[in-house]
Structures are given as C-alpha cells and as structure tokens.
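J.: fold the following for me, if possible:
(2 chains)
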Amino acid sequence: MSLTNERIQQRLNEKFPDQLYNWQEPYGMLTFTGSKEINLKVMQFLFDDEELNFRFLSDLQAVHYPNQVGEELAVVYHLHNWVSNVRIRFKVFTDIKQPDVYSATALYQSANFMERETYDFFGVNFIGHPNLIRILNVDEMDYFPLRKEYPLEDQTRIDKDDEMFGR
Amino acid sequence: MNDHILLPEGSIEKQTTTLNLGPTHPATHGVFQNVLELDGERILKATSTVGYIHRAFEKIAERRPLYQITPLTDRLNYCSSPINNMGWHLTCEKLLGVSTPKRVDYLRVIIMELARISDHLICNSIVGVDSGAYSGFLYVMQFRELIYEIYEEVCGSRLTTNIGRIGGFERNFTNAAFEKLEKFLDDKSGYPAQLREFENLFTRNRIFMERTIGCGPITAERAMNYGFTGPNLRAAGIDYDVRVHEPYSSYGDFNFTIPVGKTGDCYDRFLVRNAEMWESLSIIKQAYQKVQAFKGAEAEVYHADVPAYYLPEKKDVYTKMEALIYHFKIVMGETEIPAGELYNAVEGANGELGFYLISDGGRTPYRLHFRRPCFIYYQAYPELIKDGMLSDAVITMSSLNLIAGELDA
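T.: Numbers count the residues shown, from 1 in each chain, chains lettered A, B, ... in the order given. Just a heads-up that it's a prediction; the model follows:
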C-alpha cells in the first residue's frame, strides 16, 4: 500500500489533533502548518513513525511575509520519504521580533548548514543549534539581507523605474 | 598514539599544528577554506568556512522575470550548467502548467546527460590528478571540449550555457550538432573508447586503489542524515535518483540502471561516477534514436506553444503584431506569472538540485530558493577527513565533487 497524502494527513491529525492546520496540496505536495512550539515533535513523529518514515530533510529555508503581523517569518521544511517516495512540506511561522524556532539539527545533521544559512539571511534564531553563526555573508554584517525591507536595487538611483518590475 | 614514548611536558611533539587549507589552495580546486588541526600529518579536527564567492542569487532572483533567472542558475554548478538551466525551465513549466513535446524532452535528455558526463569526467579525472595520475585528466579533457562544442552548436555558449528556454530550445538542433554528437558517441574513436582507456588506467590500478580505498568513507545511514544525494549517496549504497523516483523530461522512457557502491569511500564514488557515465552514454544513444525517429513536421518541433514566455522568432517579430507584443512583454519582463508554490527537483550531476519557488502573482518570484546539493553534503566533510591524512583530505574533497559556485550560490 502506498502512502497517500490523505493517509499522512489522517495519521498526523490523530497524533496532533487540532494542532496542524492550513492543509493544502499545491502541485501535489502535501503542505501544512503547525505552531513553532511543536515543530520538533511533529518532525520527530514523522521521522520515527514506521509508516510515515520521513527520514530525509530535502530542504530548509525561510520566507519573509512582512504583511502578516505576528507571523512574518515562515520556516519551511521539505521532508522526503524515500521508501514510499512521498514529499511533504511543513511550515512554521514566527514573529519577527522574537524569531525563535527549535533547531532540527538533532534529528537531521543536514539541518546544520541549512539553519545557519536561514539565520544568515533571515535572522531566524534556531534554539539548540550547535554553531549558529553566519555562513555565506561576512561575519560583520549586522542585518539579514533576504528580508523584504532590503530592496535589491539601490534606492538612491533615479534612472531606474521600479514600476517596471512590479516590485 | 605514541603512548610508549615518554615526552616531557610542553615538548613540541605534544603540540598540534593549525593549518589553513585554502581559501585559495591549488589542491582544493576552488575557493574552500578548511582550518585543520594537525598532529603531524593526521587531521584531528577540521573547520570549514564557506561563502567566499556568495553572489546573492536568491535575492537577485526576486527582482528578475523568469527567463532572466536562467543565467543565474548557470553559475551554480558551472561544470554542468545545462542541468541547472533545464531544472529551472522544468520548474517554470510546472508552475505555468506547460507540457513539452516529446522531441523537446528527448533533446533535453541528450543535453542533460552530456552535461552529467562532462561533470563526472572532470570530477573523476581530478581525483586522478590529486592522487598523482595526471594523464587520465588530459585524455578525457578533449571529450569535454567536444561536449562544449555540442553546447555551442545548440546555444552558442560553452561554460555558462543559458541553454534552452521555457518551453523548449531557442532554436532547432543543427545537423552539425548531431554530427558532433555522433562523433562523441562513436564506439571506436569517440568517448566510449576513451572512457574504457580511462578505466583501464585507473580502476584496477594498484596505486590508485590503495590511495582511494577506505579514504573518506561514509555509511549509508550517515550519508542520508547528512543530506547526501547524487553519486556520493549512491556510493554509500542508497539507490536514490530523482530521474527514477520522480521522472521528469520523459526519463521514464529510457532503460538505465542506477549504479550503487557499498562503502561510500573515494574509490566507490569514483566507480559509481564511471558507471554513471556508461549509463548516461546509453541514455544519450536511446534518446538520439528516439529523436531520429521523428519524421517530417514532427522533426521540426523544438519548443512548446507558450507564446507568453517563449521568445518568438525574429522574423515573426518583424512581421506579426502578436509576436511583436510578446517579444516586448518578455524582454521587458512584463509578463505576470501565476501565483503558486512549488518545489521541483532534478538530478544534478552531484545530487538533487531543487528549486523552491513561491510566486505571488507578480512579475518576478516572491521567493526562490536553490537546494544546492554541494552545500548540504559539504557539512560532512570535517567528519569524513577526521583521523585521516592530510593528503587523503585533498582527494576526499575532489571525489565529493564540490563546486564552489554551487556551494555559495
């Protein structure tokens, strides 16, 4: 029996009743959101459960939504079950004023660099990370460049019309 | 170690040496820094620093229309940029819901597998160079040149290819491209003969085997936990390959096997890459046969019908109004892309290359993240080289196929 998205949703809802929400399936990938307090519990369950068996962390990154007050930063985990070949996407949202999220490094070694990268660009403070320092940017940098308040183009330039690119 | 020798307190033999391997060490083939703690020649501890050539692609991509992001992907793994380009096109096509004609898929497969070969042959011959065997590198290099000539026939450039467009290719393959492909595939004088000779030089070479067997090994479980993908993971014994698990670009139409190793050491990685080159050659041959089977009008198909994203031909731009409109909309980046969120992965030459794209319906992605396989498996490097010799660290690094451009994005 192959693992379907409905089955994953059912198993997760049994284990975490009313704690996971916003279930979607964009382009076939099961996507759901949980509160940031339970991110490790959900991933531990997904990792340990013999049926779900999500043992591979494909990708981890953050997204900044400046208009969602109170949950500006989303940390997005892409998990992959290699046996049944199913991918899921798990999101947690956090307040940008106190962007503390539990680190997944104890579960996945691969989260180490990815969380450092996410910290480097978005300032997400991963609690429990062994070495949360900047990775790609210079150590002296005092801001988080991928946040939306830092526009790419130099704002002092007047020879470029911003309306051309919509953003 | 050396417990039988009684050394006085503070003697120089009890001290360790700190050595900077990189950032511009000739043996690291790229910008990598590793601060090594050495006891003699034995590595006690390694600390990797990355980010020397970070170019903020993810930020730049937030201001670029889709087709202008393709040249950014070139610069990730620049040894096999066509795979990155195609991966990006496939991601866009998935977002836009475009289905490509079979001929386009097969032509893409040919280009992607050529790119895989060009990447693997560099990696494997560099392992040879780092272990003291330079000639293999020179032997296979002429065939990378031939691959680059094929790219040149198709898209006009060689290293950073910007090959293809959303929906297909910018122009049909010329006869010269197919002739060069046949020259490359020729069993007597082409790459297969050269690869056999390369394998003769290395695979059962006593010096090479003793140098690489047991060097930088990783277990399957650790490799999975460290996020390994691609040949490095398969060398550890897990047969995960995106081409098979989620076939894209009609990979399901081809017969090929996934080579796997056992120990995950440098030698197994070398063997897996060599075997993958044979599989790639077989895929290219199958794809070329399928391409040749198209006759008449079908043999002229080289792109899907996506006028809003596919740059029209110049002769149409000058004569047809719609083509002119689309031309300007595309060039000025004024096409709105549908809102959506998707993760699309392709099997890059060194692992799963993923594109996580969020669009809010504007003209540019809201957020684009590249899952670069190098970046993720590089964090295992300190563990791989620990307790080994300094010279083993060098060949471990080259056999991991680390590409600085992909590492730093």
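J.: which residues does the residue in chain A that chain B sits nearest to contact?
T.: Each residue of chain A has a distance to chain B, by CB to the nearest CB, and the smallest belongs to A:Ser110, at 2.8 Å. Heads up, the C-betas are built off the backbone N, CA and C, glycines and all. Residues touching A:Ser110, when contacts are defined by CB atoms under 8 Å, 6 or more residues apart in numbering or on different chains, comprise A:57, B:225-227, B:376-377, B:379.
J.: repeat for B:Ala293
T.: Residues touching B:Ala293, when contacts are defined by CB under 8 Å, 6+ apart, are absent altogether.
J.: per-residue pLDDT, it?
T.: With respect to pLDDT, B:Ala293 scores 94.
J.: work out the gap between the helix or strand containing B:Tyr288 and the centre of the chain.
T.: Following DSSP states H and E, one finds B:Tyr288 within helix B:266-293. Centre-to-centre, helix B:266-293 and its host chain are 14 Å apart (CA atoms, centre = their mean, to the nearest Å).
J.: what does chain A put close to chain B?
T.: Counting by CB under 8 Å from any CB of the partner chain, the residues of chain A close to chain B are A:26-27, A:29, A:31, A:55-59, A:61, A:63-64, A:76, A:78, A:82, A:85, A:87, A:89, A:108-110, A:112-114, A:117, A:121, A:134-138, A:145-146, A:152-153, A:164-167.
J.: among these, which lie within strands?
T.: If you go by DSSP state E, the residues of chain A next to chain B have A:31, A:56-59, A:61, A:63-64, A:76, A:78, A:87, A:89 in strands.
J.: mind giving me JSON lines with these and columns for pLDDT?
T.: Formatted as JSON lines, the entries for these read as follows, by pLDDT from 0 to 100:
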{"residue": "A:Thr31", "pLDDT": "94"}
{"residue": "A:Phe56", "pLDDT": "93"}
{"residue": "A:Leu57", "pLDDT": "94"}
{"residue": "A:Ser58", "pLDDT": "93"}
{"residue": "A:Asp59", "pLDDT": "93"}
{"residue": "A:Gln61", "pLDDT": "92"}
{"residue": "A:Val63", "pLDDT": "94"}
{"residue": "A:His64", "pLDDT": "94"}
{"residue": "A:Val76", "pLDDT": "95"}
{"residue": "A:His78", "pLDDT": "95"}
{"residue": "A:Arg87", "pLDDT": "94"}
{"residue": "A:Arg89", "pLDDT": "94"}
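J.: tell me the two of these that are most distant?
T.: Comparing every pair within those by CB to CB identifies A:Phe56 and A:His64 as the most remote, at 26.0 Å.
J.: contact partners for the residue most central in space within chain A?
T.: If you average the C-alpha coordinates of chain A and look for the closest C-alpha using CA atoms, centre = their mean, you land on A:Val76, 1.9 Å from that point. Taking CB under 8 Å, 6+ apart, we find A:Val76 in contact with A:59-63, A:89-91, B:356.
J.: again, only this time at 10 Å
T.: When the contact criterion is CB atoms under 10 Å, 6 or more residues apart in numbering or on different chains, the partners of A:Val76 are A:31, A:33, A:59-63, A:89-92, A:118, B:341, B:343, B:356, B:358, B:367, B:369.
J.: and A:Asn5, by the same measure?
T.: With contacts taken as CB under 10 Å, 6+ apart, A:Asn5 has the following neighbours: A:23, A:25, A:28-31, A:86, A:88.
J.: those: which two are farthest apart?
T.: Of all pairs drawn from the contacts of A:Asn5, the widest gap by CB to CB lies between A:Trp23 and A:Val86 and measures 14.8 Å.
J.: tell me which of the two has more neighbours.
T.: Shown here are A:Trp23 and A:Val86; by other CB atoms under 10 Å in any protein chain shown, A:Val86 has more neighbours (21 against 14).
J.: that one contacts A:Glu6, doesn't it?
T.: No. Distance between A:Val86 and A:Glu6: 11.5 Å, which falls outside the contact criterion (CB atoms under 10 Å).
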